[in-house]
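> I'd like to go over a predicted model; first the sequence, then the structure.
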Amino acid sequence: MDVSGKKLMILGAGHHQVPLIRTAINLGLETHVCSIAGDYPGIAIAPNFHEVDISKPQAVLQIARTISPDGILTTATDVCLESIGLVVDELNLPGSGYETSSSCLNKVLMKRKLLQSGVPTAHYRVVNDVKSAIDFFNNQNGPCVIKPADSSGSRGVNKIADVEDVQHAFQSALNFSKSGTVLVEEWLEGEEFGAQAVVEGEQCKLLILHSDVTTAPPRRIPLGHGCPHPNEAELIEVVRKIVVDAIASLDIKNTISNVDFILTENGPKIIELTCRMGGTRLPEVCGTYWGVDFYALAIHLALGQRTQLSPTPLGKPNAAHNLILDREGTVMSMGQISEEYNHEIYFRKGDCIRLNSAQQAELGYIQLTGDGSLSVIQELVNEANRFTDSVQLLED
């Protein structure tokens, strides 16, 4: 599939977008990278850089009109999905349009469409005050979750097991909601896992299940992933039916869709899905397992090209884990990653580390292949903990 000479817009220039940018350059594409100014590594390698707030659809559209791209995409971030959707609509490009992107960002719109299509997900209610949230909670047989309708990074998400906690949780969700919309939903108990759905046109051409390593509930912030999922054989067909229905309900097209599940006692239920690839090194994990470059695959889909995919995996079971620190300051020293791990460290001695809105700093990641993802995940967790414990900081 020759794409040389075609024009591609990539939104975002952070560490997670760097492999996408490099792949586009290596494919011979005229690569245009859009981001706000700052210390973002993708800016330095971008052949064509456009300074813009990628969360502003009209601003991104204005730049797109001057470029006339053949495709537009991102990976590992949701902040620019509506910008991508608007460009797709206005310039008639392959991909998911503005309505789809908005539905992926707004949990109320998403859940409404999922439930209307019979997709299994948590029952919910939009609540305007504490009393409404208490009424929903009292009508449930177990815990609930109160969350903003439009927040990312699990901010403002709280699990409620006691009615006395509702007021605080409601206010927290309200504070993090851009639109002032809060929803309460039933708590789904069970293992969290995920899927990457390769969507060509409107068809799910390939579905890869993966295990998840997350922070403790209810926020469940992803830390790592393993592939294949240990119960893939028994889950794949029921999950495929759910994913196909979910993709159709949101009208997701020409992308790799990241889908989050909870495996409840009544079967898998969707937490949420989106119209871009997953983060936390999922392209590396799923690509290593299936034997395909996921970044190149996402680019070909965004350009509206047909894909040739093996029906069975050609790679190796593997897992990856982010290196997360909950401290900030200037790096004085850090240990070494063992040789058997593929890894990337973003910081060096003398660099300043700052925590994000989730009170975390991502230092890099490690990846390990093995006989099965379950066997390597614990090794990754141990190595990640050993490395992060070795980081010595000079606090400001």
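Received the coordinates, thanks.
> quick one: the residue most central in space within the chain from Gly97, how far?
Closest to where the C-alpha atoms of the chain average out (Cα atoms, centre = their mean) is Gly278, at 3.6 Å. Using Cβ to Cβ, to the nearest Å, we find Gly278 at a distance of 21 Å from Gly97. Just so you know, the C-beta spots here come from the backbone N, C-alpha and C atoms, and that holds for glycine as well.
> and Gln196, what element?
Under the criterion of DSSP states H and E, Gln196 resides in strand 191-200.
> mind listing what that strand pairs with, with the direction of each?
Strand pairing for strand 191-200, determined by DSSP bridges: strand 203-214 (antiparallel), strand 255-264 (antiparallel).
> could you give me the average pLDDT of it?
The pLDDT scores in strand 191-200 average 97.
> export it as PDB, just CAs?
Output of strand 191-200 as PDB, limited to C-alpha atoms (Å, rounded to 0.1, in the frame of the first residue of the first chain):
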ATOM      1  CA  GLU A 191     -12.100  -7.800  36.000                       C
ATOM      2  CA  GLU A 192     -11.400  -4.900  33.700                       C
ATOM      3  CA  PHE A 193     -10.100  -5.900  30.300                       C
ATOM      4  CA  GLY A 194     -10.000  -4.300  26.800                       C
ATOM      5  CA  ALA A 195     -10.100  -4.700  23.100                       C
ATOM      6  CA  GLN A 196      -8.600  -3.000  20.100                       C
ATOM      7  CA  ALA A 197     -11.100  -3.100  17.100                       C
ATOM      8  CA  VAL A 198      -9.600  -2.500  13.600                       C
ATOM      9  CA  VAL A 199     -12.500  -0.800  11.800                       C
ATOM     10  CA  GLU A 200     -12.200  -0.600   8.000                       C
END
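> all the strands of the stretch 1-150 of the chain, residue numbers only.
Counting by DSSP state E, counting those that start in this stretch, the segments of the stretch 1-150 of the chain that form strands are 7-11, 30-35, 48-51, 71-73, 124-127, 144-148.
> can you spell out which helices and strands pack onto the longest one?
Contacts defined by 3 or more Cβ pairs under 8 Å, 6 or more residues apart in numbering; DSSP states H and E place strand 30-35 against strand 7-11, helix 18-26, helix 41-45, strand 48-51, helix 57-67.
> quick one, domains of this structure?
7-93, 123-186, 189-302, 319-394 (automatic domain parsing).
> how distant is the last one from the center of its chain?
Domain 319-394 has its average C-alpha position 19 Å from the chain's average C-alpha position, going by Cα atoms, centre = their mean, to the nearest Å.
> same check, this time on stretch 61-68
Taking Cα atoms, centre = their mean, one finds stretch 61-68 lying 26 Å from the centre of the chain it belongs to.
> the nearest residue to Ile221 once chain neighbours are set aside and Leu363, how far apart?
Closest residue in space to Ile221, ignoring its immediate chain neighbours: Thr215 at 4.5 Å, by Cβ to Cβ, 6 or more residues apart in numbering. Computed as Cβ to Cβ, the Thr215 to Leu363 distance reads 16 Å.
> could you list the low-pLDDT ranges of the stretch 251-396 of the chain?
372-373 (pLDDT under 70).
> the closest residue to Asp89 other than its chain neighbours - how many residues pack around it?
Excluding the flanking residues, the one nearest Asp89 by Cβ to Cβ, 6+ apart is Gly97, at 4.6 Å. Gly97 sits with 20 neighbouring residues when counted by other Cβ atoms under 10 Å.
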